[in-house]
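>>> Here you go, sequence then predicted model.
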Amino acid sequence: VALFSALSPSFATWGNLGNVLQQVSITAIIAVFAHFSIPAALALGLPLIGAQLAQVGMNVTNTVMLGWLGPLELAAAVLGWQMFFVVWMFGSGLAYAVMPLAANAAGASDTRGIRRSVRMGLWAILAYSAVFMVPLWFAEPVLKALGQQPDIAALAGQYMRVLQWSLVLQLFVMVLRSFLSAIERPRIVLVALVIGVVVNAILNYVLIFGHLGLPAMGMAGSGLATLIAVGAVALFLSLYCARHPLLRGYELFVRFLRPDWPAFREVLRLGWPIGATIVAEVGLFTATSIMMGWFGPLQLAAHGIALQLASIAFMVPLGLAGAAAAAPASGAGPDVALGPVTKLPLPRYASLKTDRVNLREGPSKDHRTLWVFQRAGLPVEIVAEFETWRRIRDSEGTEGWVLHSLLSGRRTAIVTAPKGGDAN
């Protein structure tokens, strides 16, 4: 009875949530299906929705396990997570901004443009995390100033002192997710995050309650479990992007410290309005949590349980919106032929990356060399794909196969004099 009466003040939130979900869902669905056929939309949209649910699923796991400790711990976890969630969602705007920038570059076969947007997106979230980890460090006094009970604020501060270090990792994963979605490889992100949820659940059980010979860490153990799980996901996706044969050519982490201020400003220009819009929507739930804390720990704990359902529901349209943002990567429309490897339009234009490129008869080094290009930057047309090989056609119509790593997405041109006339 106490649980359901504590939940009753939260029910007003569900009406607002329904309006938000309805508007976002309709807009996202229209945008996705305007760019994709139904099978293509589902192939991209479902993994993105799953990835959103998996990333929020870590907090659902934390809430369930901390609830076993008692209502005070659960109430503190609700306050701590809501403070973290607002900061995380505002920063996620910078990560989401990478997706349309990278998708448009991918649609133009601009490998350098993809690299610029992703690299500066990572710069942006690193700078953002360094700034906003300061207020998270002082979560306890902030919550006290907002009228929360001192014992609950103290527990929330203890939780946040560990959880806050996962902020940069959460945003790092989101930037790489934007990159992989833009080039239509979202499934690996879903797999990584699902494994991360499982790891987080196991570590929560071990670290919170002190199993396997480890000391019981309570709320700090839950924060540490999430930190380790998200760190493992970030490391896995980094290695995947850096070492996969089909992704190595993007060189996301090569010369990472070199600034690219125009691309950085573009990420900021797109990112902060996205983040502000998301916070305007989810901030309602954070404000409600603060107010529920004024009633008492039991009401706040029960409200936190209801809030998990709201968060899960919100991730579905948010995932669809991500699919809509990635839509430009597929090119002009459903009738455009797409490469079986990159899912980019065929044919498309590119250029030679190095001064020596062997043009081979077939897609392997066992095939004989037909021609050797000896000038970087020459324009070519990619007409076919096979694993790490691309069939190209030069300006004179000669065709053959080259390794994809020897091509650049930068478009170039050759200017020649008119035949049989004066160049003027």
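In hand now; what should we look at?
>>> hey, let's count contacts and neighbours off CA atoms from now on
Noted.
>>> Count the residues that sit near His211.
As a burial measure, His211 scores 13 neighbours (other C-alpha atoms under 10 Å).
>>> ok, it - contacts?
With contacts defined as C-alpha atoms under 8 Å, 6 or more residues apart in numbering, His211 is in contact with Tyr205.
>>> All the helices of the protein, in order from the start?
For the chain, applying DSSP state H gives helices covering 2-7, 11-35, 38-67, 71-107, 111-137, 139-145, 150-163, 167-182, 187-209, 219-243, 261-295, 297-325.
>>> Give the pairing partners of the lengthiest strand in the chain; include direction for each.
Assignment by DSSP state E gives strand 379-386 as the longest strand of the chain. Sheet pairing of strand 379-386 (DSSP bridges) gives strand 348-352 (antiparallel), strand 389-393 (antiparallel).
>>> Could you pull up the mean pLDDT of it?
Averaging pLDDT along strand 379-386 gives 89.
>>> to the chain's geometric centre, what's the distance from it?
Centre-to-centre, strand 379-386 and its host chain are 29 Å apart (C-alpha atoms, centre = their mean, to the nearest Å).
>>> pull the CA atoms of that strand into CSV?
Extracted C-alpha coordinates of strand 379-386, given in CSV (Å, rounded to 0.1, in the frame of the first residue of the first chain):
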residue,chain,number,x,y,z
PRO,A,379,40.5,11.0,-59.4
VAL,A,380,38.9,7.6,-59.8
GLU,A,381,35.4,6.0,-59.8
ILE,A,382,34.6,3.1,-57.5
VAL,A,383,32.4,0.7,-59.4
ALA,A,384,32.5,-2.5,-57.3
GLU,A,385,33.5,-3.9,-53.9
PHE,A,386,34.8,-7.2,-52.6
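>>> Enumerate the positions of that strand that are buried.
Pro379, Val380, Glu381, Ile382, Val383, Ala384, Glu385, Phe386 (16 or more other C-alpha atoms under 10 Å).
>>> How much space separates the fifth one from Asp366?
Here the criterion is C-alpha to C-alpha, to the nearest Å. By it, Val383 lies 21 Å from Asp366.
>>> Can you pull out the low-pLDDT segments for the stretch 51-200 of the chain?
For the stretch 51-200 of the chain, no stretch is flagged by pLDDT under 70.
>>> what does the stretch 201-350 of the chain give?
For the stretch 201-350 of the chain (pLDDT under 70), the answer is 314-336, 343.
>>> on that earlier part again, what are the contacting residues of the longest strand of the chain?
339-341, 346-352, 363, 390-395, 411-414.
>>> returning to that earlier point: need the strands paired with strand 379-386 in CSV with distance to Gln158, can you?
Listed next are those as CSV, based on distance: least, C-alpha to C-alpha, whole Å:
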stretch, distance to Gln158
strand 348-352, 53
strand 389-393, 53
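>>> want to throw those strands into TSV with distance to Ala280 and mean neighbour count?
Output for the strands paired with strand 379-386, formatted as TSV (distance: least, C-alpha to C-alpha, whole Å; neighbours: other C-alpha atoms under 10 Å):
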stretch	distance to Ala280	mean neighbour count
strand 348-352	41	22
strand 389-393	46	22
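>>> Could you identify which of those has the lowest mean pLDDT?
Taking the mean pLDDT of the strands paired with strand 379-386, strand 348-352 comes last: a mean of 87.
>>> Check what pLDDT Ser405 gets.
82.
>>> How about it: what's its closest non-neighbour residue?
Gly249 (5.2 Å; C-alpha to C-alpha, 6 or more residues apart in numbering).
>>> ditto for Leu126
Val168 (6.4 Å).
>>> Would you mind measuring from that neighbour to Gln52?
17 Å.
>>> And Gly70, by the same measure?
28 Å.
>>> Can you pick out the residue with more neighbours from those two?
A direct count of neighbours by other C-alpha under 10 Å for Gly70 and Gln52 places Gln52 higher, at 24 against 12.
>>> The more buried one and Leu171, how far apart?
Relative to Leu171, and taking C-alpha to C-alpha, Gln52 is found at 13 Å.
>>> now swap in Val380 and tell me
Counting by C-alpha to C-alpha - Val380 and Leu171 are separated by 37 Å.
>>> do the same with Ile49
17 Å.
>>> Between those two, which is the more surrounded one?
Leu171 (27 against 21).
>>> ok, back up a step: out of the helices of the chain, nearest to Gly400?
Closest approach to Gly400 among the helices of the chain is made by helix 111-137 (21.0 Å; C-alpha to C-alpha).
>>> now for that closest one, which elements pack on it?
Other elements packing on helix 111-137 under the criterion 3 or more C-alpha pairs under 8 Å, 6 or more residues apart in numbering; DSSP states H and E are helix 71-107, helix 150-163, helix 167-182, helix 261-295.
>>> Export the ones you listed as TSV, with columns for distance to Val197.
Listed next are these as TSV, based on distance: least, C-alpha to C-alpha, whole Å:
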stretch	distance to Val197
helix 71-107	16
helix 150-163	15
helix 167-182	13
helix 261-295	22
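>>> Excluding residues flanking it in the chain, which one is nearest Thr354?
Ala376 (4.6 Å).
>>> Report how many residues lie close to the one you found.
Counted with other C-alpha under 10 Å, Ala376 comes out at 16.
>>> OK, contacts around it?
Per C-alpha under 8 Å, 6+ apart, neighbours of Ala376: Ser351, Leu352, Lys353, Thr354, Asp355, Arg356.
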